[in-house]
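J.: Below: sequence and its predicted model.
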Amino acid sequence: MARTLGNSSAVSATSSPASTPGVTAPPPQAIRVSRPGWRDPRLWVGIAIVAACIVAGARLLGSADDTVAVWAVKADAGAGAVLNRSDLQADRVHFANPSDLAGYYRADTALPDALALTRGVGGGELLPRSAVASGPASDEVQVPLAVDPVEVPPGVRSGSVVDVYVAGGSGSGRGEAATGGATPAAPALSAVTVVAAPGLDDVFGSTQAKRQLTLAVPEKRAQAFFGLIGGLDDPTITVVLRPAG
């Protein structure tokens with residue numbers, strides 16, 4: 001006896017896609033995220049942060065360039081020394097008070113031909129206008145001094161500050177010239193500046209037996225010094241280098 005299947009069974013067998021082999025369920029619908037509008041406060045906060053970073057960067061770069069090239073002294077130089085371009089170096093400096101710049105020499109302006117110091121300036125120090133005379137000091141003269149190289153410290157050079165001692169037997173006996181061969185208790189010249197001094201290589205490489213120094217000495221002290229050594233038969237001159245600073 002033949003059996004007839006009802007329509008309901010056929011429908012139920014084909015109505016479920018998951019139960020059909022090879023057929024998958026459709027993916028869920030994607031949710032679209034809307035872009036923030038110009039009224040969104042997050043947009044304005046971001047713009048404010050970017051603007052603040054730009055302003056801070058501009059100020060930082062501006063402060064880094066707020067320096068001026070000013071002439072500084074390469075090495076210690078005492079009063080009476082005459083400086084030129086080779087004795088100087090350009091240093092970039094930031095002045096908290098811009099008006100202070102007027103007291104120094106800018107590296108982008110012309111220098112005088114000779115810079116005669118009226119007081120000592122340390123190595124690396126900015127060259128102040130107040131320490132420079134318009135020309136050689138009116139009361140100073142340049143004194144040549146020939147000294148045995150063994151009586152001069154190797155470190156003596158142009159700009160050094162030295163004391164000069166003189167010892168020797170009495171000659172004509174004029175005034176304070178007679179020393180009787182004793183070592184003097186005080187220098188004949190004290191705290192004078194070496195204007196020029198050849199290097200040791202120049203001395204030993206030449207036929208000269210003496211090291212020639214040129215000192216800046218006040219005129220009255222120079223007269224007394226020449227009077228002292230003029231009264232000695234065979235004076236021994238010793239140069240003592242003063243410590244820097």
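T.: Yep, that arrived.

J.: What strand or helix carries Asp234?
T.: Under the criterion DSSP states H and E, no helix or strand holds Asp234.

J.: ditto for Pro154
T.: With DSSP H and E as the test, Pro154 turns up in no helix or strand.

J.: ranges for the strands of this structure?
T.: 68-73, 82-83, 88-93, 115-117, 132-133, 140-147, 161-167, 189-196, 211-218, 236-241 (DSSP state E).

J.: Now do the nearest residue to Asp234 once chain neighbours are set aside against Val194, distance only.
T.: Take Asp234 and drop its neighbours on the chain: the residue closest to it by C-beta to C-beta, 6 or more residues apart in numbering is Gly168, 5.5 Å away. Heads up, the C-betas are built off the backbone N, CA and C, glycines and all. The gap separating Gly168 from Val194 is 22 Å, by C-beta to C-beta, to the nearest Å.

J.: do the same with Thr236
T.: 19 Å.

J.: So for the two, which sits in the more crowded spot?
T.: Val194 (24 against 16; other C-beta atoms under 10 Å).

J.: show me the residues around the more buried one that make contact.
T.: 78, 81, 156-162, 213-215 (C-beta atoms under 8 Å, 6 or more residues apart in numbering).

J.: for Trp71, same thing?
T.: 88-91, 104-107, 111, 126-127.

J.: Need the pLDDT of it.
T.: Note for Trp71: predicted pLDDT of 94.

J.: tell me which of the contacts of Val194 is nearest to Pro98?
T.: Using C-beta to C-beta, Ala81 comes nearest to Pro98 of those, at 29.7 Å.
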